[in-house]
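1. Coordinates only, no sequence provided:
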Ligand SMILES: Cc1cc2nc3c(=O)[nH]c(=O)nc-3n(C[C@H](O)[C@H](O)[C@H](O)COP(=O)(O)O)c2cc1C
């Protein structure tokens, strides 16, 4: 296959220079310290933390915000995403955000969750351009220039109110260093298709801006096709990376060399184990038992052996149970791969 090297390229966001343009998207409940480190290890060039509430920071909910916003040891570029529909809350929380020493601060203009939208935040900001302008302008003015400011938004509230070009113009005028479009409407939630035509139109309209794509980037081939069709500068991978963090390296190989080594589902379980251990180390046992199983359910796919362990892993209630299941599974994989592949 023909290499498409021109799509994998260095990316500059404000003063932040990255070797490549493949980014782990922010995902609430997923992109914690452990998953970000795993994604970066497996070829991501940048990893966004999940969204944090300015109101929670303002109220001083230290434990919760620390959990979401702290970097992992050695995290080179911490990217924090905030959400709020209220300029005063953004103003009052900004010094706390900056105290984490992020490289980039992103504003969430896409979250479709009703509770978030009710407070005017997330995709509700698409309908409140004046408030949005005030928030982004404040962010750019109050955040030191060596920290980039970015914005991530949807194509509109619904199909009748597509306003992504207006939002992009506003964000760029406010001084955002990169804008990310997830070309689904708020009404679509996460269903239906992301419309890459809107990404193409966005890049045509603002050719000088740094534009990142999000939406339906679930395989290296889809990411290549999206670059080919839209000409945007970067790709943000979300659901396609859950249980499959090597998607970053695979995509890079496809774009640079024209082919890639397909995922070996059994080898993937070593990555799952590494992810589990990092989660225990960084986030503790209680958090890990609650949060890791949704990741493990996605890692453990592709063979009958994994299907068998998947059922057991999601039912596990204690660290000891998960440890024991991993020991059994990894020893079966390492000792007897042919038998493991066919076990029911
Ligand atoms: C579980 C989950 C949590 C998400 N949390 C966030 C978030 O905190 N901030 C944000 O901007 N987008 C969030 N998103 C949206 C993703 O970043 C991405 O834009 C979207 O999933 C589209 O990409 P995909 O179709 O490749 O999954 C979330 C998506 C999922 C599935």
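-> That came in fine, so what should we check first? All values reported here derive from a predicted model rather than from experimental measurement.
2. Write out the residues of the protein neighbouring the ligand.
-> 25-30, 50-51, 81, 108, 110-111, 152, 182, 190, 194, 214-218, 238-240 (C-beta under 6 Å from any ligand atom). Yep, even glycine has a C-beta here, placed from its N, CA and C like the rest.
3. Burial check on residue 280, number of neighbours?
-> Neighbour count of residue 280, defined by other C-beta atoms under 10 Å: 18.
4. That should have said residue 277, apologies.
-> 14.
5. That one and the ligand: what is the separation?
-> 23 Å (C-beta to the nearest ligand atom, to the nearest Å).
6. Could you give me the PyMOL syntax to select whichever of the residues of the chain next to the ligand are buried?
-> Entered in PyMOL, the line below selects the buried ones among those, by 16 or more other C-beta atoms under 10 Å:
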select buried, resi 25+26+27+28+30+50+51+81+108+110+111+152+182+194+214+215+216+217+218+238+239+240
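7. domain assignment for the chain?
-> Listed by automatic domain parsing, the domain ranges of the chain are 5-257, 265-342.
8. Could you identify which of those domains is most buried?
-> domain 5-257 (a mean of 20; mean count of other C-beta atoms under 10 Å).
9. Return the subset of the residues of the chain next to the ligand lying in strands.
-> The strands, defined by DSSP state E, take in 50, 51, 81, 108, 152, 182, 214 from those.
10. Specify the beta-bridge partners of the fourth one.
-> Partner residues in beta bridges with residue 108: residue 152, with DSSP bridges as the criterion.
11. List the residues that contact it.
-> 26, 51, 81, 82, 83, 121, 122, 152 (C-beta atoms under 8 Å, 6 or more residues apart in numbering).
12. Looking at those residues, which is nearest residue 310?
-> Within these, the smallest distance to residue 310 is 26.1 Å, found for residue 26 (C-beta to C-beta).
13. ok, for the closest one, nearest residue in space, not its chain neighbours?
-> Using C-beta to C-beta, 6 or more residues apart in numbering and skipping residues adjacent in sequence, the residue nearest residue 26 is residue 48, 3.8 Å away.
14. So what pairs up with the one you found in the strands?
-> With DSSP bridges as the rule, residue 48 is bridged to residue 79.
15. What confidence value was assigned to it?
-> On pLDDT, residue 48 comes in at 98.
16. quick one: it and residue 82 touch, right?
-> No - if you go by C-beta atoms under 8 Å, residue 48 and residue 82 don't touch, sitting 11.4 Å apart.
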